[in-house]
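**Student:** with the sequence up front, the predicted model follows.
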Amino acid sequence: MKLLLSLFALTLSLMALQTGQPLPALNLQGDDGGKVDGTPWNSDELKEKVHVIFYVDPDEKDLNNPFSDALKAEDFDRSRFASVAIINMEATWLPNFAIAKSLKAKQEKFPDTIYVKDMHKKGVSAWKVADDNSDIIITDKSGNVLYLYEGEVPQGSFDEIISLIKEHM
């Protein structure tokens with residue numbers, strides 16, 4: 001019986017994110033990363049608002065720009081909606097200074113987005129998202145996963161995803 005319980009627990013720990021389930025904890029600070037301004041970031045911050053999280057390999061940074069632009073065009077109430085871009089720094093051969101320059105440009109284009117560096121793929125481990133990709137995670141006000149997509153979000157899905165966000169705001 002103990003072996004079965006251990007195997008069940010291991011299986012759960014290896015599973016990808018599930019809609020309706022809480023987003024597992026992720027803490028990025030110090031050598032592990034943090035906000036672009038150098039302060040720590042913790043997934044506990046993903047409460048009280050609907051959050052769209054972009055977990056991105058810098059080599060795939062433009063893959064979901066059309067989706068980002070669609071979100072920006074909605075001009076959501078920032079007291080009920082937020083966005084976070086977590087950069088998977090270890091997923092690229094690009095030097096950190098080049099990524100920093102790109103992040104500065106993104107910050108200017110999306111000033112309300114929180115930019116976070118993940119220096120050691122802790123998000124890949126904690127959340128079981130695709131590595132070397134552009135992943136989209138949407139959470140509700142309680143931090144539960146509403147939506148997950150790995151790769152380029154199909155343009156035909158934008159309206160459905162935006163409706164989901166509005167429903168939960």
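**Tutor:** Right, received. Where do you want to start?
**Student:** how about low-confidence regions in this protein?
**Tutor:** 1-16 (pLDDT under 70).
**Student:** work out for me the element the residue minimising distance to the centre of it sits within.
**Tutor:** Centroid check for the chain by Cα atoms, centre = their mean gives residue 53 as the closest residue, at 2.9 Å. Secondary structure assignment for residue 53, by DSSP states H and E: strand 50-56.
**Student:** chain center to that strand, what's the gap?
**Tutor:** Distance of strand 50-56 from the chain centroid (Cα atoms, centre = their mean, to the nearest Å) equals 3 Å.
**Student:** next secondary structure after it?
**Tutor:** Proceeding N to C from strand 50-56, the next assigned helix or strand is helix 65-74, under DSSP H and E.
**Student:** which residues touch that next one?
**Tutor:** Helix 65-74 is contacted from outside by 52, 54, 83, 110, 136, 153, 155, 158, 161, 162, 165, using Cβ atoms under 8 Å, 6 or more residues apart in numbering. Glycine gets a C-beta too; all of them are placed from N, C-alpha and C.
**Student:** so which of those belong to helices?
**Tutor:** Applying DSSP state H to those, the entries found in helices are 158, 161, 162, 165.
**Student:** neighbours of residue 148, how many?
**Tutor:** 21 (other Cβ atoms under 10 Å).
**Student:** this completes my enquiry, with thanks.
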